[in-house]
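Trainee: Any chance you can model this:
(chains A and B)
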Protein chains: 2
Amino acid sequence: MSLTLGVDVGGTKILAGVVDDDGRILEQVRVTSPATDAGAITAAIVGLVKDLTGRHQIEAVGVGAAGYIDRGRSTVMFAPNIAWRDVNLRTPIEEASGLPVVIENDANAAAWGEFAFGAAAEVESSLMVTVGTGVGGGIVLDGALQRGAFGVAAEIGHLRVVPGGLICGCGNHGCLESYASGSALVRYARDAADAGHAPGLLERAGGSVKAITGPLVTEAAQAGDEAAIAAFAELGRWLGEGIASLVAVLDPDVIVLGGGVSEAGDLLLEPTRAAFRSQLTGRGHRPEAELRLATLGNEAGLIGAADLARHR
Amino acid sequence: MSLTLGVDVGGTKILAGVVDDDGRILEQVRVTSPATDAGAITAAIVGLVKDLTGRHQIEAVGVGAAGYIDRGRSTVMFAPNIAWRDVNLRTPIEEASGLPVVIENDANAAAWGEFAFGAAAEVESSLMVTVGTGVGGGIVLDGALQRGAFGVAAEIGHLRVVPGGLICGCGNHGCLESYASGSALVRYARDAADAGHAPGLLERAGGSVKAITGPLVTEAAQAGDEAAIAAFAELGRWLGEGIASLVAVLDPDVIVLGGGVSEAGDLLLEPTRAAFRSQLTGRGHRPEAELRLATLGNEAGLIGAADLARHR
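Mentor: Numbers count the residues shown, from 1 in each chain, chains lettered A, B, ... in the order given. Predicted coordinates for the structure are as follows:
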C-alpha cells in the first residue's frame, strides 16, 4: 500500500489527509485558514504536512489551492480570496518534508478526485462543476486532467452568460458565477422576500431579509417552501444552461455537480438537468452527457490532490 | 516519404489532396458537392479517392466532414448542411480503396492542420475558431486533438452568448454563431444600409441592400468604407468576447482564427483581439493566449485530415 498526502487549502479552512491508492483517507486533520496572511497559510500547511509525514510513511504531497497555479505546479500566481500573489508554495513544503510536492488548483484537484474515485470513476472524461460561494470547475478529457497551457483552465464560473450583466468579483459583467452560485441562490431568495413573495423564508429568518442564508434556503426548500424551491429552480436553470454551453465545447461523458450547494441534491440536480437537456445544441442528434451529483463531498479536493501527487 | 490522402467535404465543394509527412500537398483535386444527395456525396468522395490512390502510393485516407462524427470515427451521425443522417462513410471508402480510413469533423481536421503545420505549429495547445457562414472550432490540448466523449466537442458556435437572443439554425437562441459569423457580418452591414448609415456599401451593391454580401463588405472595408469597417468591428467584438469565455475554460497557448471571413486579416483580427483582451477573466493576473490568423487557408482541413489519417 502506497500513501500520499493531500492538502486542500480554502479561504476558510485547511484540510489535510493521508490517502491510500484506492482513494481512502486513513487520517484527516483540519485547521482554520489564516486567509489574510500569506506567510501564515504557508506555515499552517507546513505544520500539517510535518505532523502527518511524521506519523505515516508518505511518498509525495499534493496541495489543492484556490487560485491560479503556474504550469510548473509550484506557484500560486493569484488567488481571489487568499492573500497570495506569486507565492511559491512548493519549495517550503518540499524543504520541510523532504518529499516531492505538486501544487494544483483546488477545483482541478476535486475534479480529479471525483474522476478517479467518485461520481465519474468509470468514464474517460468528465466536467466537474462546483457550486459554492462561487462556481468553479475541473476538466478531465481522455483520462487526463486539463490544466491549460498556463495552468488556469476550467475557470467555468467566468463564462459570460449575460452581456452587460451583473458585475462579478473578477471585474467582468455577466459571469455564470453571478447567476449560478450559492451567492446567487441567496440573492434570489432575498429578492423574493423583499418583494413579499417569501413569507415562509422570512419567518425562518426571524423577519430579517439579511438573515436569509444558503443553508436556510436549503432547509426551507427541503421542507417544501415554495419560494425556496423557486430560488433553487432559478439557480438550476442558469446552471443547466451554462452547462449546455460547456458541453457543446467539451462533450464529456459525465458532468459531476459538486460544491456546498450540491448537498441540496435533487433540489439542485433536477432543475439543472432539465435546463441542460432543453438547451444542449444538437439534442436528439447526438449522445448526451449524464449529469450526476458528486459523491466525495468535502473530501474530493484532498483525495484528488493526494492522487495527483501519486501520479505526478 | 510517406503519403496520405486528405479529403475535405463541405456543403458546396469536396477537396481532396495527396499530402506528405511535412504537410505539403503534392496534388489536389476539387469537385462540386452534391449536398442534397447523401449517396451521391459518398460516390463523389469514393471517385476522388480511387482517382488519387490509383496514381500515388497512399497509406491511409482521412476525411474531414461537416457534421457530428461518432466516437469510432466511421459514421456521420448528423450534418446540418448536408443530407447525412447516421451515414457510415468509412466502409465504402475502405472497400473502394483497400486502405485504412478515418472520418473526422471538418473543423477538427482544420484545427489539427493548423496545429501540426500552420499557425500553432510550435505550441502544445490551441483553439481554432473558424469564421465562415457559421462559427466552428477545434481544440488541441497537450498535443492531442479533443474529439469529446461522443465525437462532438468544440461546437463553439453554439456557446450561448445572449439569453433569449437571435434564433440559431440549431434551434437555440443566442448562439455565438448568430453574432460572430459571416452571416452576422452581412446582417450588420445590411442593417446599417437599411438605416441609411451605409451609403458607400449600398452604392457598391447597386442600390440593393440584399445584394450586400460578405465579400462585398470585406472589399469595402479594405477600401476604407466606414460602415463596412464598423460591421467588422461589431463582428470582432462578439467574437473576441466569445473567445474570452472559451479561453477561461480551455486556457490554450494560442487561438487560431480561420475560415473564409478571416481572410479579411487585420480587419477581423484587431477588433477581435481588443475585445478578447478587454474581456478575459483574471487579465493581468495570468499569462494570456495569443490570437493569430490561420496560415493554411482553405487547405487546413485537407492537410489536417491527411495527417490525422497518418497518426490514426
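Trainee: only C-alpha atoms for contact and neighbour calcs from this point on.
Mentor: OK.
Trainee: Which of the residues in the host helix or strand of A:Ala192 are classified as buried?
Mentor: Per DSSP states H and E, A:Ala192 falls inside helix A:182-194. Judged by neighbour count (16 or more other C-alpha atoms under 10 Å in any protein chain shown), helix A:182-194 contains these buried residues: A:182-190, A:192-193.
Trainee: tell me the average confidence for whatever helix or strand comes next after that helix?
Mentor: Following helix A:182-194 in sequence order, the next helix or strand is helix A:199-204 (DSSP H and E). For helix A:199-204, mean pLDDT is 97.
Trainee: And A:Ala274, how far from A:Glu234?
Mentor: From A:Ala274 over to A:Glu234 the distance is 12 Å, taken as C-alpha to C-alpha, to the nearest Å.
Trainee: Who has more neighbours out of these two?
Mentor: A side-by-side neighbour count of A:Ala274 and A:Glu234, using other C-alpha atoms under 10 Å in any protein chain shown, places A:Glu234 first with 21 against 15.
Trainee: Can you classify that one by secondary structure?
Mentor: With DSSP: H, G, I helix; E, B strand; the rest coil as the basis, A:Glu234 sits in helix.
Trainee: just to revisit the earlier point, the helix holding A:Ala192 packs against which elements?
Mentor: The contact analysis (3 or more C-alpha pairs under 8 Å, 6 or more residues apart in numbering or on different chains; DSSP states H and E) places helix A:182-194 against helix A:199-204, helix A:214-222, helix A:226-250.
Trainee: That one versus helix A:214-222: what angle between them?
Mentor: If you take axes from the mean of the first three to the mean of the last three C-alpha atoms, to 10 degrees, helix A:182-194 sits at 60 degrees to helix A:214-222.
Trainee: the inter-axis angle of helix A:182-194 versus helix A:226-250?
Mentor: Counting by the same axes, to 10 degrees, helix A:182-194 points 150 degrees away from the direction of helix A:226-250.
Trainee: Quick check: mean pLDDT of helix A:182-194?
Mentor: 98.
Trainee: Identify all contacting residues around it.
Mentor: A:131-134, A:177-178, A:198-199, A:201-202, A:209-210, A:212-214, A:217, A:227-228, A:231-232, A:234-235, A:260-261 (C-alpha atoms under 8 Å, 6 or more residues apart in numbering or on different chains).
Trainee: Which of these are buried, as a PyMOL select command?
Mentor: To isolate the buried ones among these in PyMOL, judged by 16+ other C-alpha under 10 Å, type:
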select buried, chain A and resi 131+132+133+134+177+178+198+199+201+202+209+212+213+214+217+227+228+231+232+234+235+260+261
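Trainee: which of the helices and strands packed on helix A:182-194 sits most buried?
Mentor: With neighbours defined as mean count of other C-alpha atoms under 10 Å in any protein chain shown, these peak in mean count at helix A:226-250, which reaches a mean of 25.
Trainee: now for it, which elements pack on it?
Mentor: Using 3+ C-alpha pairs under 8 Å, 6+ apart, helix A:226-250 is in contact with helix A:177-180, helix A:182-194, helix A:199-204, helix A:214-222, helix A:266-279.
Trainee: Could you pull out the buried residues of the longest one?
Mentor: By that I understand helix A:266-279. A:267-273, A:275-277, A:279.
Trainee: how many other residues sit next to A:Val101?
Mentor: 27.
Trainee: Any idea what it is bridged to?
Mentor: Beta bridges link A:Val101 to A:Val61, judged by DSSP bridges.
Trainee: Tell me who's in contact with it.
Mentor: A:60-63, A:90, A:93-94, A:309.
Trainee: Same list (those residues) but as TSV, adding neighbour count and pLDDT.
Mentor: Output for those, formatted as TSV (neighbours: other C-alpha atoms under 10 Å in any protein chain shown; pLDDT from 0 to 100):
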residue	neighbour count	pLDDT
A:Ala60	25	98
A:Val61	31	98
A:Gly62	30	98
A:Val63	32	97
A:Arg90	20	96
A:Ile93	23	96
A:Glu94	17	96
A:Ala309	22	97
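Trainee: hmm, who's touching the helix or strand encompassing A:Ile303?
Mentor: Using DSSP H and E, A:Ile303 sits within helix A:300-310. With contacts defined as C-alpha under 8 Å, 6+ apart, helix A:300-310 is touched by A:4-8, A:15-19, A:21, A:23-25, A:59-64, A:100-102, A:104, A:106-114, A:116, A:118.
Trainee: buried subset of those?
Mentor: Applying 16+ other C-alpha under 10 Å to those flags A:4-8, A:15-19, A:23, A:25, A:59-64, A:100-102, A:104, A:106-114, A:116, A:118 as buried.
Trainee: Could you pull up the residues touching the nearest residue to A:Gly64 once chain neighbours are set aside?
Mentor: Once flanking residues are discounted, A:Gly64 sits nearest to A:Asp106: 4.0 Å by C-alpha to C-alpha, 6 or more residues apart in numbering or on different chains. Neighbour list for A:Asp106: A:8-10, A:63-67, A:301, A:305 [criterion: C-alpha under 8 Å, 6+ apart].
Trainee: can you check A:Gly113 too?
Mentor: Going by C-alpha under 8 Å, 6+ apart, A:Gly113 touches A:23, A:296, A:300-305, A:307.
Trainee: Could I get the residues you listed in JSON lines, plus columns for distance to A:Ile156?
Mentor: Shown next, in JSON lines, are those (distance: C-alpha to C-alpha, whole Å):
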{"residue": "A:Gly23", "distance to A:Ile156": "26"}
{"residue": "A:Leu296", "distance to A:Ile156": "21"}
{"residue": "A:Ala300", "distance to A:Ile156": "18"}
{"residue": "A:Gly301", "distance to A:Ile156": "17"}
{"residue": "A:Leu302", "distance to A:Ile156": "21"}
{"residue": "A:Ile303", "distance to A:Ile156": "22"}
{"residue": "A:Gly304", "distance to A:Ile156": "19"}
{"residue": "A:Ala305", "distance to A:Ile156": "20"}
{"residue": "A:Asp307", "distance to A:Ile156": "23"}
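Trainee: From those, list just the buried residues.
Mentor: Buried, going by 16+ other C-alpha under 10 Å: A:23, A:296, A:300-305, A:307, out of the contacts of A:Gly113.
Trainee: Could you dump the residues you listed into JSON lines and include pLDDT?
Mentor: Formatted as JSON lines, those follow (pLDDT from 0 to 100):
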{"residue": "A:Gly23", "pLDDT": "97"}
{"residue": "A:Leu296", "pLDDT": "97"}
{"residue": "A:Ala300", "pLDDT": "97"}
{"residue": "A:Gly301", "pLDDT": "96"}
{"residue": "A:Leu302", "pLDDT": "97"}
{"residue": "A:Ile303", "pLDDT": "98"}
{"residue": "A:Gly304", "pLDDT": "98"}
{"residue": "A:Ala305", "pLDDT": "98"}
{"residue": "A:Asp307", "pLDDT": "98"}
